[in-house]
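>>> Sequence unavailable; structure follows:
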């Protein structure tokens, strides 16, 4: 009967790799079937879920610590755009039979580093074997003052459209990953190439800006499926339209260099996805305060257009004043 | 630019099949990036996550409505054992390219029926394509009075060990599914065979009993990986041991019939898993009240043994007073 006094292999892996990440007392050190948490008084809990699958959202040979960070940051980016402070997360992990324990060790290390960095501890999880590829799903929780979640709905004609950071880098980084010769074609400096690749591998969610977004935005969402399509979603939810000025898009030096050599890349920049920047609409009289507060936090925010009356459409205006015709507005999972 | 005023295929599927399940106002009709909820004042939120993968946890030809119900009920069973009232859930769904929309329609229908039945609405989700099998992960939330979650830890020597419903049916149902000729070998009546198969296909979580468990149990968990192993987990968390009397195990007529023909099935009954019954330890002076209250709710509860001093071991005592030696104490995912 000695077996029954012993941990199973699953319990051992969880205790060794994931228990150290479960720093919230309500996670009970992952030693129970569930976690128990209480949001701070007067706060709502904001809930989101996003996941990655090997060969779909990341390359099977990506370093496991960056895979873990990417999937957690995808969720953190949602919380940031909703104005929420990270609280914790649940992890569902499916691994192939005979997976490499070193992969799991790297994954858990990266996850722990970001859980610390963003103040978002592991609250619980579920592990399984799968005959398919590695698959990771996270359900993340944040807090906002009651009723304070920033919605997609809320944009009004006259509001300004703003975005954090830069757009298109990750999509270009993915292109480079698939076709390394593009770096030569685009005449990128080594550092520029590395910048684009890093932006694909590891998002930089704008959680620093959550309170500023909540204070000033009339609507917001994070850009994960491309600026053009995601702005369309925000417009449809708000019952408005928007015009974006291509000339005002915040592009990195690397993206500018690539675009100069291959102007058709504008489509990838606008629709490729994986930006994980915050797209927000801001009443005109709040723009100055937003810029000042974001700047004090070291986060670039760029005004790229305006909300106008209309029914959900997004017009992207090029340097000649003509609307761009994109063949696909947004990355769609189906 | 007309494409940008249109929903993507993903948005259309979500709006058509899943929006009707998002009845909580904080789900925003699935039209936002996140949900916002506030647990009732004075309550903790209990968080759990569990999932299924085609070919691992269900058969690819299982009816899609029962797949949906099974994965939701697996999570509801965790909430029940923790003494929590269902509040809502997040859904992460990965479907192969070219999946059958009829499958999705059946899945969503079954999920909606159980979301209604158990008062557990859909709060949000994530859909993806996968090169692997269909995979469903749920993060479910329940509420308990602050500090009231029933833990694995808490069992004390002298407490009685109780379990709801019957054990082993689902594991025998799985055996029948894999080897239909076993029904003949076990001389099962047609109705008995159907009972075992149904118990594998669709758990009956004991959410009716959540308040009773919270009122009387010193420790509890749901039995998903087999009684023997799960009782071992509870004992290890509580720093105690337990003795279970095989003769007292609640077995269905079908399980009794099968066991009479093939005594070695006791191992499958004790370790096969998928029971989704509540295993609890109860102070001796609470057993009577627990039985009365469970009986009033129409849920069978059976006393199967006792908690004793010791370090995590479970002794399963057969009719001759000898401890059973199980070759594997519990289903393990690794």
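Cool, got the structure. The structure presented is a predicted model; accordingly, all values stated were derived computationally and were not measured.
>>> Show me the helices in chain A, by range?
Secondary structure of chain A (DSSP state H): helices at A:9-13, A:64-81, A:101-117, A:169-178, A:182-185, A:190-201, A:210-216, A:227-238, A:253-261, A:265-271, A:287-296.
>>> Output the ones you listed in a markdown table; the columns should cover mean neighbour count and distance to residue B:145.
No exception for glycine: its C-beta is placed from N, CA and C like everyone else's. Output for the helices of chain A, formatted as a markdown table (neighbours: other CB atoms under 10 Å in any protein chain shown; distance: least, CB to CB, whole Å):
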| stretch | mean neighbour count | distance to residue B:145 |
| --- | --- | --- |
| helix A:9-13 | 17 | 29 |
| helix A:64-81 | 26 | 28 |
| helix A:101-117 | 18 | 29 |
| helix A:169-178 | 22 | 45 |
| helix A:182-185 | 15 | 59 |
| helix A:190-201 | 19 | 45 |
| helix A:210-216 | 21 | 30 |
| helix A:227-238 | 26 | 36 |
| helix A:253-261 | 19 | 54 |
| helix A:265-271 | 22 | 49 |
| helix A:287-296 | 15 | 40 |
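>>> Which one, of these, ends up nearest to residue B:305?
Smallest distance to residue B:305 across the helices of chain A (CB to CB): 22.3 Å, for helix A:9-13.
>>> does chain B sit close to the closest one?
Yes: using CB under 8 Å from any CB of the partner chain, helix A:9-13 reaches chain B at A:9-11, A:13.
>>> contacting residues around residue A:276?
Residues in contact with residue A:276 (CB atoms under 8 Å, 6 or more residues apart in numbering or on different chains) are A:73-74, A:77, A:170, A:203-206, A:222-224.
>>> Going by distance to chain B, which of the residues you listed wins?
Distances from chain B to the contacts of residue A:276, taken as CB to the nearest CB, are shortest for residue A:222 (6.8 Å).
>>> what's near enough to touch the closest one?
A:77-78, A:80-81, A:205, A:230, A:275-279, B:33.
>>> residues near residue A:318, how many?
Neighbourhood size, residue A:318 [other CB atoms under 10 Å in any protein chain shown]: 13.
>>> Likewise for residue A:242?
When neighbours are counted by other CB under 10 Å, residue A:242 registers 28.
>>> how about low-confidence regions in chain A?
For chain A, the stretches with pLDDT under 70 are A:1-7, A:328-334.
>>> Domain parsing of it, as residue ranges.
A:7-145, A:160-317 (automatic domain parsing).
>>> The last one: how far from the chain's middle?
How far domain A:160-317 lies from its chain's middle: 12 Å, per CA atoms, centre = their mean, to the nearest Å.
>>> thinking again about what came up before, I'd like to know which of the domains of chain A lies nearest to residue B:130.
domain A:7-145 (5.1 Å).
>>> Need phi/psi at whatever residue of the stretch 101-250 of chain A ends up closest to chain B.
Nearest to chain B, among the residues of the stretch 101-250 of chain A, is residue A:132, at 1.8 Å (CB to the nearest CB). Dihedral angles of residue A:132 (phi, psi; degrees, to the nearest 10) stand at phi -100, psi -170.
>>> residue contacts, it?
Residue A:132 touches A:53, A:94, A:96, B:53, B:130-133, B:135, counting by CB under 8 Å, 6+ apart.
>>> With distance to residue A:296 as new columns, can those be given to me in JSON lines?
Shown next, in JSON lines, are those (distance: CB to CB, whole Å):
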{"residue": "A:53", "distance to residue A:296": "39"}
{"residue": "A:94", "distance to residue A:296": "42"}
{"residue": "A:96", "distance to residue A:296": "47"}
{"residue": "B:53", "distance to residue A:296": "47"}
{"residue": "B:130", "distance to residue A:296": "43"}
{"residue": "B:131", "distance to residue A:296": "45"}
{"residue": "B:132", "distance to residue A:296": "46"}
{"residue": "B:133", "distance to residue A:296": "49"}
{"residue": "B:135", "distance to residue A:296": "44"}
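>>> ranking those residues by neighbours, who comes first?
That'd be residue A:94 among the contacts of residue A:132, by other CB under 10 Å, with 30 neighbours.
>>> any idea how far residue A:136 is from it?
8 Å (CB to CB, to the nearest Å).
>>> cool, residue A:23 as well?
From residue A:23 to residue A:136 the distance is 20 Å (CB to CB).
>>> Looking at the two, which one has more neighbours?
Using other CB under 10 Å as the criterion, residue A:23 and residue A:136 rank with residue A:136 on top: 25 against 16.
>>> Who are the contact partners of the more buried one?
Counted by CB under 8 Å, 6+ apart, residue A:136 has contacts A:51-53, A:67-68, A:71, A:91-94.
>>> Nearest to chain B among those?
For these, the nearest to chain B is residue A:92 (4.2 Å; CB to the nearest CB).
>>> ok, how many other residues are close to the closest one?
Applying other CB under 10 Å, we find 25 residues neighbouring residue A:92.
>>> can you tell me if stretch A:314-323 touches chain B.
Yes: on the criterion CB under 8 Å from any CB, stretch A:314-323 is in touch with chain B at A:314-316, A:323.
>>> hmm, which of the residues you listed are the buried ones?
A:314-316 (16 or more other CB atoms under 10 Å in any protein chain shown).
>>> For residue A:279, which residues are in contact?
Counting by CB under 8 Å, 6+ apart, residue A:279 makes contact with A:81, A:161-163, A:220-223, A:227, A:230-231, A:234.
>>> repeat for residue A:259
A:251, A:265-266, A:269 are the contacts of residue A:259 under CB under 8 Å, 6+ apart.
>>> CSV for those residues, including distance to chain B?
Shown next, in CSV, are these (distance: CB to the nearest CB, whole Å):
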residue, distance to chain B
A:251, 21
A:265, 19
A:266, 14
A:269, 15
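>>> What is the nearest of those residues to residue A:125?
residue A:269 (36.0 Å).
>>> ok, the closest one touching residue A:251?
Yes: the criterion here is CB atoms under 8 Å, and residue A:269 meets it with residue A:251 at 7.2 Å.
>>> what touches both of the two?
With CB under 8 Å, 6+ apart, residue A:269 and residue A:251 have common neighbours A:167-168, A:259.
>>> Residues of the stretch 51-200 of chain A that sit close to chain B?
Counting by CB under 8 Å from any CB, the stretch 51-200 of chain A sits next to chain B at A:51, A:53, A:55-57, A:78-79, A:81-82, A:84, A:90-92, A:94, A:123-133, A:135, A:137, A:139, A:141-142, A:144, A:146-147, A:149, A:151-153.
>>> ok, now with 6 Å
A:51, A:53, A:55, A:78, A:82, A:90, A:92, A:123-124, A:126-133, A:137, A:139, A:149, A:151-152 (CB under 6 Å from any CB of the partner chain).
>>> Understood, closing this out.
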